[in-house]
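Chemist: Just to be clear, the model below is a prediction. Sequence and coordinates:
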Amino acid sequence: MQQIRTALLSFGMSGRVFHAPFIHLHPGLELYGVWERTKSASLEFYPGIRIFRSLEELLADESIELVIVNTPTNTHFEYTKKVLEAGKHAVVEKAFTTSVAEAIELQQLAAQQHKKISVFQNRRWDSDFKTVKKIVEEGWLGDITEAEFHFDRYKEELSPKMHKEIPGPGAGVLNDLGPHLIDQALFLFGMPDAMFADIRITRPVSQVDDYFELLLYYKTMRVRLKAGYLVREPLPSFIVHGHKGSFIKTRADVQEADLIENKKPGGTDWGTEPVSEEGLLHTEKNGKIIRERIHTLQGNYYAYYEAVYHAIIQNTEMPVTVQDGINVVRIIEAAVQSSAAGKLIQL
């Protein structure tokens with residue numbers, strides 16, 4: 001199997017938990033190096049990995065073909081631009097960039113360089129969302145009239161990652177958790193016609209937004225996206241209603257928790273939720289009312305990197321395209337405009 005030599009631009013939580021295990025597991029991807037400015041933490045997990053002390057040193061290595069830009073959001077544009085100019089493919093963490101203009105510039109540069117970009121939207125491969133998507137696409141609910149997605153937490157204290165807490169481009173919950181919910185909504189339902197947003201600060205210690213509610217307007221339905229840090233008892237994270245029925249599902253994917261505990265992906269039971277978290281389907285089929293628990297599909301972030309590998313080797317479309325990334329940033333920009341003006345924004 002042809003191998004793609006791959007490097008990470010960071011080995012914090014993102015690199016250690018979400019990227020390195022799956023790159024290391026994939027037979028076609030070689031986890032070759034990581035940019036660590038002063039530490040060598042990656043050697044504890046991957047002995048023999050090459051440590052680069054500067055971005056310039058990493059990009060000068062002509063053997064590296066794919067670079068994972070998993071640094072703070074406000075650096076994504078600068079670093080991804082350098083990666084593309086160095087003639088390498090890029091996987092960029094969410095949020096893709098801090099503006100639509102930056103995102104489009106990277107799209108154009110990638111085309112000029114004949115290189116590929118993908119935005120790392122791993123939550124498409126969460127067990128809960130995969131199950132919701134299956135129920136909707138198989139038509140169990142009929143035509144959808146309303147959907148509500150939540151990403152709620154209870155967290156009074158600030159994040160130790162100060163780039164998320166200091167006011168500036170890329171900071172705040174809209175840029176942190178927002179891209180997950182927005183991408184899932186767009187992946188399932190497409191781009192809306194208009195939107196309204198309410199973005200707030202709810203914790204006295206916070207200087208950046210820690211709550212948002214986005215209302216996406218489609219011709220025959222509405223989609224509400226919510227996230228907040230003062231939700232001690234969360235509602236179900238996926239609520240979908242249609243002409244035939246409803247589906248309700250908790251956010252219960254186990255992959256992040258398992259990865260944080262350094263559990264290795266790849267086993268037959270990887271990404272398997274507890275049976276207690278099965279979603280509730282209440283609908284009608286062939287004139288019969290059905291109200292039952294639905295088996296949850298397995299989550300699998302490995303599928304993302306499997307698709308990235310084939311996209312590069314076979315020159316096909318990335319699993320999450322650069323246009324997907326642009327669309328998410330477009331929604332974020334419109335949300336900020338809507339909340340500031342207190343009005344509906346046409347898209």
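Modeler: Alright, I've got the coordinates. In this text, all values refer to a predicted model and were calculated from it rather than measured experimentally.

Chemist: what residues are up against the closest residue to Ile331 other than its chain neighbours?
Modeler: Using CB to CB, 6 or more residues apart in numbering and skipping the chain neighbours, the partner closest in space to Ile331 is Ile182 (5.0 Å). C-betas here are computed from N, CA, C, even on glycine. By CB atoms under 8 Å, 6 or more residues apart in numbering, the contact list for Ile182 reads Leu214, Leu225, Val328, Ile331, Ile332.

Chemist: Identify the residue nearest Tyr79 in space, chain neighbours excluded?
Modeler: Using CB to CB, 6+ apart, the nearest residue to Tyr79 is Val69, at 5.1 Å.

Chemist: For that neighbour, name its beta-bridge partners.
Modeler: Beta bridges link Val69 to Val92, judged by DSSP bridges.

Chemist: what separates the strand or helix carrying His310 from the chain centre, distance-wise?
Modeler: Assigned by DSSP states H and E, His310 falls within helix 302-314. Its chain's C-alpha centre and that of helix 302-314 lie 16 Å apart, by CA atoms, centre = their mean, to the nearest Å.

Chemist: and what of stretch 278-293?
Modeler: Using CA atoms, centre = their mean, the offset of stretch 278-293 from its chain centre is 30 Å.

Chemist: With only the CA atoms kept, save it in CSV.
Modeler: The C-alpha trace of stretch 278-293 is given here as CSV (Å, rounded to 0.1, in the frame of the first residue of the first chain):
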residue,chain,number,x,y,z
GLU,A,278,-30.5,4.3,22.4
GLY,A,279,-32.7,6.9,20.7
LEU,A,280,-36.5,6.9,20.8
LEU,A,281,-38.4,6.6,17.5
HIS,A,282,-42.2,7.4,17.6
THR,A,283,-43.6,7.2,14.1
GLU,A,284,-46.1,5.5,11.8
LYS,A,285,-45.4,2.9,9.2
ASN,A,286,-47.9,1.0,7.0
GLY,A,287,-50.7,2.4,9.1
LYS,A,288,-49.2,1.1,12.4
ILE,A,289,-47.9,3.4,15.2
ILE,A,290,-44.4,2.5,16.2
ARG,A,291,-42.8,3.7,19.5
GLU,A,292,-39.5,1.9,20.2
ARG,A,293,-35.8,2.3,21.0
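
Chemist: Give me the residues contacting that stretch.
Modeler: Contact partners of stretch 278-293, identified using CB under 8 Å, 6+ apart, comprise 128, 131-132, 135, 140-142, 238, 242, 244-250, 294-296.
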